[in-house]
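Visitor: Could you work out the structure for the sequence below:
(chains A, B, C, D and E, ligands or ions: 5)
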Amino acid sequence: MDGVWTPLWLTLKVAGWATALNLVLGVGAGWALARLGPPRWRLARDLIDALLTLPMVLPPTVLGYYLLVLIGSQGPLGAWLLQTFGIRLIFTWQGAVIAATIVAFPLVFKAARAAFEGVDAALEDAARSLGLSEWAVFFRVSLPLAWRGILAGLLLAFARALGEFGATLMVAGSIAGKTQTLSIAVYEAVQAGQDDAALQLVWVISAVCITVLLLAGRLSPWQGRAPESLR
Amino acid sequence: MDGVWTPLWLTLKVAGWATALNLVLGVGAGWALARLGPPRWRLARDLIDALLTLPMVLPPTVLGYYLLVLIGSQGPLGAWLLQTFGIRLIFTWQGAVIAATIVAFPLVFKAARAAFEGVDAALEDAARSLGLSEWAVFFRVSLPLAWRGILAGLLLAFARALGEFGATLMVAGSIAGKTQTLSIAVYEAVQAGQDDAALQLVWVISAVCITVLLLAGRLSPWQGRAPESLR
Amino acid sequence: MSTHTPPTWDLALRKHWPHAQHPFTLDVAAQCHAPRLILLGESGSGKTQTMKMVAGVLRPDAGHVRLQGHTLFDHAAGLHTPAHQRRLGWVAQDYALFPHLSVAQNIGFALRTGWRNPTAGHTPAAVTDMLARMGLSAVAQHLPHQISGGQKQRTALARALMSQPRALLLDEPFAALDPALRQRLRDDLAALLAELALPVLLITHDEHDVAALGALSGEVLRLPPPQR
Amino acid sequence: MSTHTPPTWDLALRKHWPHAQHPFTLDVAAQCHAPRLILLGESGSGKTQTMKMVAGVLRPDAGHVRLQGHTLFDHAAGLHTPAHQRRLGWVAQDYALFPHLSVAQNIGFALRTGWRNPTAGHTPAAVTDMLARMGLSAVAQHLPHQISGGQKQRTALARALMSQPRALLLDEPFAALDPALRQRLRDDLAALLAELALPVLLITHDEHDVAALGALSGEVLRLPPPQR
Amino acid sequence: GELTVSAAASLTNAFKDLKPLYEAAHPGSTVQFNFGASGALLAQISKGAPVDVFVSADPETMDQAQGRGLLEAGQRKDIASNTLVLIVPKGAADTPKTTAELTTARYARIAIGLPASVPVGRYTQSVLQAEGRWAAIEAKMIGANNVRQALDYVARAEVDAGFVYATDAALMPDKVRVAFTVPTPQPVRYPAAALKAAPNPVDAQRFMAFLLKPEAQAVLAKHGFGKP
Ligand SMILES: Nc1ncnc2c1ncn2[C@@H]1O[C@H](COP(=O)(O)OP(=O)(O)OP(=O)(O)O)[C@@H](O)[C@H]1O
Ligand SMILES: Nc1ncnc2c1ncn2[C@@H]1O[C@H](COP(=O)(O)OP(=O)(O)OP(=O)(O)O)[C@@H](O)[C@H]1O
Ligand code: MOO
Ligand SMILES: [Mg+2]
Ligand SMILES: [Mg+2]
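Guide: Ligands and ions are numbered 1, 2, ... in the order given. Purely as a prediction, here's the structure:
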């Protein structure tokens, strides 16, 4: 069980960062598509929506390959990062975070868009009339009211980031103790026919996921109306 | 381009079936968790929720392996299916559907749960009082009002089913013309170093995904309140 | 009316809402032989909650609900007719209009109890009549968020009337209407009620409503003010 | 009052709602030197929409809105003060209470305009006073779905009053209240208004409201009935 | 009849070229290939997948299959061989001559297939262990999920060197350069076997025989594979 702690910690770090980044990116994109621009721009919005969903549709390994092409030290973005800031993303846990973020992004984005669209615009108007700027309206009305749906998306994204390894592995390389996450370890154990070791790791990863999901369920301060009615 | 049509058709068949099955399973499970049982069973509900999210957290290949163990003709379920009905799922497109369904299930389930929880219970009460049975309330009030969120989940599930290859490959194999889906073909092309062929397939799969997403966007009969307010 | 006639309304309801800061207990009982029962009481005294229990969408902790001798709920006997079998035309205080359906579809909602909503294209004759009677013809194809407060209230009233109820539960049915319209609808409703002889449970703040809908054949149940 | 004093309310508003079956055009104009302007009109005539345009949450197609000489909106000049800078205490017809905040938090909402909501634990003294004045102390910690229709309306009124507005926009502020409470709040509000000399734009169906809040120093703007 | 062959992914390109040859030589027969990682293919077969012929990328996997009783002893034949090579990016300044040079500071990152699951990694590990350099080089190892990934890393110059098969290096002659061939203690062999549970045993035997025929061997050679 000793070899479990390092990948476990790494896994949580990567999944945690990916989820946090998606909280910002996914919620931002979801809000923008739900609220910006006049209603008649619907086709444009739907097109952007579909484009932003594409990371979901590419096999993660393939996505990872294109990511390598993009942020590798020869890639357009990677070369620029390397020359300008001396940052190298390939084979680092930060690279793994980027991969996991992209893979899980559509989960948060789509959940957030649907949730913001479900928020009653009249409540936002009431808040504006009470003196709140657009920022304050977002944080005090729109976000809390959309939170239930967003949280569902975030939890999916976290689980996906835990389980993702195709793209992550491609970008981060499987460097023991540095970029080897739990799911890569499970994958290897299964590939190598080590069923017992694999099963053990599956229990660990499942336990981690369930724990985090249960804890996060408490993160919803406003539980909304409990169904009081009879059935 | 000739070799594209067979995998394309197969991919659409598999993803379509998986999405359809998840429409039933995910929406059913999401509704049950949102509406059944008294509010104080929250912990139990959250636990079931976390368990149902697990397919997301396992690397698809690993999930595929356990699926193989279960529905392989030696596995408990597979042996029974084979003996009772003469059905063999391994290396069939139906097996691919099962794999894709399980991988994408949490996407629909979680979206549906959040969406149903956002439906105003007072409207369901009003429908009951107007003479509607629980079934009718579900189809005429709860489902239409939750539809926006459910549709977001379904589209994600469809995209995921299109892009999934880890679990599918394990259960259904990669038999050209029989079980080789587009994403498996992309994966193989990348593996075989055929970058041009891979890129071509990536364009096809992206185009399919965008088309389906755009079409499905129209599936939302009730677009809800367009934001009329000023900003 | 023979003494053996069961009361039109026979209510005995107890319900407790636990709440950390301010729990609320409702305890009402009334037997009313007249067809109309008027619920009066301060704001927050429990009128709306009482009506919900009669409608069957809220389960009392104890007591019973009987309408013209039919038991709809009896705690002791473990009997609870589900809301959808009670056939009570309920107009909720906040209207509870279905936001995904047009005014016409809302009004025709109860005409079919199957699993499909009324279609948007075709409006049945009965609905067209009702739309005209309520002055809603112009907004028939509007969605609820596109109509005014008074139009919403009339839609809710029309929807309840269309459900062929065996009694009406009206929670401030005219509060959002201007005096002229209120007068007209009140008279319309009074005539209709007289014709159909429907029992009514009415919550209102307006003495004119009481006079027109209740006074002739009504009793009043006064709820105690909420504890402060 | 010198003849050079600008009118309290100077409204000229045009707005068209396209709708396949029944488009609606609103065209109102009023100049009112008295501090109170009362909007009257049939249900559906456009009172609520007019108020929304004054509040700044709905943009007119043309016209202007001036309050005591300050221009809040002027189509020709391309001027449009955003709603959050207008400081108008608006009580919406359907209350628009924030469902995730308690009654006390709703009332204290405007006390801080930063990006954080008032905390659930601590209720500022000003909010406690207002709760008492509105008879809402008992339900201070309730969420909106746990209170009655009248309590909702009082919460909305209290919330608007707490925002230190430079004018009040009241859309049927007492419709859900029983006569006694209505009388009390009306008198309270009249006193407060007299003290603060706040301009008011009022929609009401109740002549008593008009008498108490408007008659002394009010003018009436009557909207034409909606086209049928 | 229809023949199903599960073959290691590294054989993909070569076997696709074999298909028309075989089908021309055996009219009425069709071959379908199922390519994948050897371990995954074994898992499928042992769970009951209807496969006739299994071709693995390493003897170990075939040993496991034999151990599980999936094939008759004596049924397996090696059909091709491969060589382990060290590659460097095309633009690399210098070309190492021995594995010893890899321990110098010039080589900071070296791509190696994960030994636990990737056969090429296992060969690499055993070579380096025999030479006593495994510990030094493992510290610089970038683990690859499969041999193709190691190739990509070298091709994109993300690593300074990598261990792959000669057949992989041949895929990208314009991006990578073969530094030297690494002699392995055990030769890199591709064993094939007709399976006990083959649904189509007759064609399975025919295909086994075909693989060793000159025309098939010529195709394999064209793709860089060595004689068995
Ligand atoms: N879920 C709940 N939890 C706690 N208290 C509740 C809950 N629901 C309602 N109440 C309380 O029950 C009381 C009665 O509410 P009800 O809506 O029946 O009043 P009402 O008589 O209809 O008043 P109004 O005339 O203002 O509509 C209120 O004081 C309210 O605070
Ligand atoms: N989005 C919309 N599309 C089309 N028509 C609309 C829309 N919103 C409002 N209307 C129409 O505008 C008219 C005015 O509505 P408004 O809410 O201002 O009425 P009101 O005078 O406040 O009536 P009430 O006293 O019943 O509240 C109504 O007839 C309504 O149908
Ligand atoms: O679909 Mo994956 O590449 O097994 O995470
Ligand atoms: Mg009430
Ligand atoms: Mg109005």
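Visitor: secondary structure class for the closest residue to A:Ala112 other than its chain neighbours?
Guide: Leaving aside its chain neighbours, A:Ala112 sits nearest to A:Gly30 (2.6 Å; criterion: Cβ to Cβ, 6 or more residues apart in numbering or on different chains). For the C-beta atoms, the positions are set from N, CA and C on the backbone; glycine is no exception. Assigned with DSSP: H, G, I helix; E, B strand; the rest coil, A:Gly30 falls in the helix class.
Visitor: Work out for me the element the residue of chain C found nearest ligand 4 sits within.
Guide: Closest residue of chain C to ligand 4, Cβ to the ion: C:Thr48 (3.1 Å). With elements taken from DSSP states H and E, the one containing C:Thr48 is helix C:47-55.
Visitor: so how far is the helix or strand following that helix from its chain's centroid?
Guide: Downstream of helix C:47-55, the next assigned helix or strand under DSSP H and E is strand C:62-67. Here the centre of strand C:62-67 is set off from its chain's centre by 17 Å, with Cα atoms, centre = their mean, to the nearest Å.
Visitor: State the next helix or strand along the chain beyond strand C:62-67.
Guide: Next along from strand C:62-67, by DSSP H and E: strand C:70-74.
Visitor: Quick check: buried residues in that following strand?
Guide: Within strand C:70-74, the residues scored as buried using 16 or more other Cβ atoms under 10 Å in any protein chain shown are C:Leu72, C:Phe73, C:Asp74.
Visitor: And these, which is closest to A:Leu143?
Guide: For the buried residues of strand C:70-74, the minimum distance to A:Leu143 (Cβ to Cβ) is 41.6 Å, reached by C:Phe73.
Visitor: helix/strand/coil for the residue nearest to E:Leu71 when sequence neighbours are not counted?
Guide: Of all residues not flanking E:Leu71 in the chain, E:Ala193 sits nearest, at 4.4 Å (Cβ to Cβ, 6+ apart). Taking three-state DSSP as the rule, one finds E:Ala193 in the strand state.
Visitor: give the contact list for E:Ala193.
Guide: E:Val53, E:Phe54, E:Met62, E:Ala65, E:Gln66, E:Leu71, E:Gln75, E:Arg76, E:Lys77, E:Met208 (Cβ atoms under 8 Å, 6 or more residues apart in numbering or on different chains).
Visitor: Would you point out which residue of chain C is nearest ligand 5?
Guide: For chain C, Cβ to the ion, closest residue to ligand 5: C:Gly149, 4.0 Å.
Visitor: With chain B as the reference, measure out to that residue.
Guide: Going from C:Gly149 to chain B by Cβ to the nearest Cβ, to the nearest Å gives 16 Å.
Visitor: didn't E:Asp152 look like it was pressed against A:Tyr66?
Guide: No: using Cβ atoms under 8 Å as the test, E:Asp152 is too far from A:Tyr66 to be in contact (11.2 Å).
Visitor: quick one: low-confidence ranges for chain C?
Guide: Along chain C, segments meeting pLDDT under 70 span C:1-3, C:214-217, C:227-228.
Visitor: could you pull out the helices for it?
Guide: C:47-55, C:103-107, C:125-133, C:149-162, C:179-196, C:207-209 (DSSP state H).
Visitor: quick revisit: let's see which of the contacts of E:Ala193 end up in strands.
Guide: Here DSSP state E is the test, and those give E:Val53, E:Phe54, E:Arg76, E:Lys77 as lying in strands.
Visitor: For the last one, which non-adjacent residue is spatially closest?
Guide: Of all residues not flanking E:Lys77 in the chain, E:Ala192 sits nearest, at 6.0 Å (Cβ to Cβ, 6+ apart).
Visitor: repeat for C:His64
Guide: Nearest non-adjacent residue to C:His64, counting by Cβ to Cβ, 6+ apart: C:Asp74, 4.4 Å away.
Visitor: distance of the one you found from chain E?
Guide: Note on C:Asp74: its distance to chain E, by Cβ to the nearest Cβ, is 59 Å.
Visitor: got the contact list for that residue?
Guide: Counting by Cβ under 8 Å, 6+ apart, C:Asp74 makes contact with C:His64, C:Val65, C:His80.
Visitor: circling back to that earlier point, neighbours of the residue nearest to A:Ala112, just the number please.
Guide: The local packing of A:Gly30 (other Cβ atoms under 10 Å in any protein chain shown) involves 27 other residues.
Visitor: my read: it touches A:Val119, true?
Guide: No: between A:Gly30 and A:Val119 there is no contact under Cβ under 8 Å: 11.3 Å.
Visitor: what packs against the host helix or strand of E:Gly162?
Guide: Secondary structure from DSSP H and E places E:Gly162 in strand E:161-165. With contacts taken as 3 or more Cβ pairs under 8 Å, 6 or more residues apart in numbering or on different chains; DSSP states H and E, strand E:161-165 sits against strand E:84-89, strand E:110-113, helix E:119-131, helix E:147-155.
Visitor: and of the ones you listed, who's closest to chain C?
Guide: Smallest distance to chain C across the helices and strands packed on strand E:161-165 (Cβ to the nearest Cβ): 50.1 Å, for helix E:147-155.
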